[in-house]
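Engineer: sequence plus the predicted model coming up.
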Amino acid sequence: MLCQECGKRPASLHFTKIVGGEKTEFHICESCAREKGEGIPGTTNGFSIHSLLSGLLDFEPSGGASGAGPGYQAKGQTIRCDNCGLTYAQFSKMGRFGCSKCYSQFGDKLDPILKRVHGNAVHVGKVPKRSGTRIKLKREIESLRRELHERIEREEFENAAQIRDRIRELERSVAEG
Amino acid sequence: MERLTAVPETGRLNAVGKFETIRLSDLSELERRVLVEKHLISPNLANESRGGAVILSDNESVSIMVNEEDHLRIQCLYPGFQISEAWELASRIDDIFEEVADYAFDERRGFLTSCPTNVGTGIRASVMMHLPGLVLTQQINRILSAITQVGLAVRGIYGEGSEALGNLFQISNQITLGQSEGEIIENLHSVAKQIIDHERAARERMVHESRIRLEDRVFRSYGILSHASIMDSKESAQRLSDVRLGIDLGLIQDVTPRMMNELLVLTQPGFLQQNSGEKLSAEQRDIRRAELIRQHLHRKSDHGGV
């Protein structure tokens, strides 16, 4: 396949962009990608290679004024952790958070990164004993519900009834705090 | 930090063992290096931490690092294939620390670590494996690349960024979020078990198909280790691996696998220098290393003879 930009060199970068259900495919060669980094024809807001790569990691372009990618331009502001002052751009560069508050400050923006690294964005493991009693109860209820479901499917109704009672009991203690 | 390093004094850790707190700032560069070579602290804690400390158990199987990349890093080392045991102990120690420290924990994200690659359980379960059979039969690359595809990572013996010296590989989980500790350990356990099976099969095949060449390799290395006067760290790791293989296959009987493990650590640069009580040049180290190995191997066979 030839590069859709210069029509001479073979296209080595292929990507698909989906905006609001509308799918656009791009096939370009590396040198066009580098040269015409600012915009690829067919996109309205200029999709640069830089923002393609950082977009993959959902990185916010540094600075804001220079090379702001699509999506962020409109906001025109930098996401910054109120607690330690670390910006999202700094985080994406270093790969380290500044403090424990960064997680909640950057919020859902972290989902794609976490999914890419772990294939998942939600914790299911151990919960600290002292601070997490409530969370723990909720987790236990969830797992009991799953078990309940399985028992019912296997028609082990006697066991299921016990589990149901246990769930009720736990729910009561969650409600009471 | 003070609250964390003071935990041993509160007596809470007594049920687990005897502990001592060591501040990194009180140690010389060499002493830190020795701790790294014994796997008790990470290179990161040794070199970069400001105000770092380590809480060490007297049998050196537990080391709790304070102010490493994260505030707290609990490490438990067990011999053999005891991943679950190590996790249980780490979890118990974790509970003890949680009594005095408020962990940064989020219901959705789990334990909030400094690096997004550790968030969630924050657990890194790993097994150290000696895989000469897979290396010699050239299957190792295929297997290692398969491992990375199931969410596990392979490292050398000194962790991140280190080389796989002496056919030793450290295999650990990469994913910390979205799987429970039990699942992570189960996954590592089953993959490690498969690798063990492959390694055993490879060894068996070598014994059947090229026994004489295998023997030659093992005894050649044994001979060199027993007599050489200069030995660099790379060669010694390789030769020790050969001898270890020979022991495992029953070709060499007067040396214990334990001695091979000891020698592997004792021949590291930091250890050599600490033993001789001075800083050594690379060449001096190579001479000292060869001497140390000779002494160990001869002492062993002397004992055997008596």
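Structural biologist: Okay, I see it.

Engineer: what about the chain, any weak spots by pLDDT?
Structural biologist: No chain in the question, so chain A it is. Counting by pLDDT under 70, the ranges of chain A that qualify are A:15, A:17-21, A:33-77, A:131, A:177.

Engineer: my question was about chain B, not that one.
Structural biologist: In chain B, residues with pLDDT under 70: B:49, B:158-163, B:300-306.

Engineer: for chain A, what are the nearby residues on it?
Structural biologist: Applying C-beta under 8 Å from any C-beta of the partner chain, one finds that chain B approaches chain A through B:69, B:91, B:94-95, B:98-99, B:102-117, B:119-121, B:123, B:151, B:175-181, B:184. (Glycine included, C-beta is placed from N, CA and C.)

Engineer: mind listing what the residue in chain A that chain B sits nearest to touches?
Structural biologist: Across chain A, no residue is closer to chain B than residue A:120, which sits at 2.4 Å (C-beta to the nearest C-beta). Shown in contact with residue A:120 (C-beta atoms under 8 Å, 6 or more residues apart in numbering or on different chains): A:114, B:175, B:177-179.

Engineer: how about the residues of chain A near chain B?
Structural biologist: A:95-97, A:100, A:103-104, A:110, A:113-114, A:117-132, A:135.

Engineer: quick one: the strands in chain A, in order.
Structural biologist: Applying DSSP state E to chain A gives strands spanning A:13-19, A:22-28.

Engineer: and chain B, by the same measure?
Structural biologist: Using DSSP E, strands in chain B cover B:19-23, B:53-57, B:62-66, B:72-76, B:105-106, B:110-111, B:126-130, B:152-155, B:168-173.

Engineer: want to try TSV for the ones you listed, with mean neighbour count as columns?
Structural biologist: Listed next are the strands of chain B as TSV, based on neighbours: other C-beta atoms under 10 Å in any protein chain shown:
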stretch	mean neighbour count
strand B:19-23	15
strand B:53-57	24
strand B:62-66	25
strand B:72-76	20
strand B:105-106	17
strand B:110-111	25
strand B:126-130	19
strand B:152-155	19
strand B:168-173	21
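
Engineer: any of the residues of chain A next to chain B buried? List them.
Structural biologist: A:97, A:100, A:103, A:110, A:113-114, A:117-118, A:120-121, A:123-128, A:132, A:135 (16 or more other C-beta atoms under 10 Å in any protein chain shown).

Engineer: sorry, back to before: out of the strands of chain B, which gets nearest to residue B:243?
Structural biologist: strand B:126-130 (11.4 Å; C-beta to C-beta).

Engineer: got the angle for that closest one vs strand B:168-173?
Structural biologist: Here strand B:126-130 runs at an angle of 150 degrees relative to strand B:168-173 (axes from the mean of the first three to the mean of the last three C-alpha atoms, to 10 degrees).

Engineer: would you map out the domains in chain A?
Structural biologist: A:1-47, A:55-118, A:133-176 (automatic domain parsing).

Engineer: and among those, the most buried is which?
Structural biologist: domain A:55-118 (a mean of 16; mean count of other C-beta atoms under 10 Å in any protein chain shown).

Engineer: coming back round to it: the buried ones among the residues of chain A next to chain B in helices, which ones?
Structural biologist: A:103, A:113-114, A:117-118, A:135 (DSSP state H).

Engineer: let me know the closest of these to residue B:269.
Structural biologist: residue A:117 (34.0 Å).

Engineer: roughly how far apart are that closest one and residue B:220?
Structural biologist: Computed as C-beta to C-beta, to the nearest Å, the residue A:117 to residue B:220 distance reads 45 Å.

Engineer: what does residue A:151 give?
Structural biologist: In terms of C-beta to C-beta, residue A:151 sits 63 Å off from residue B:220.
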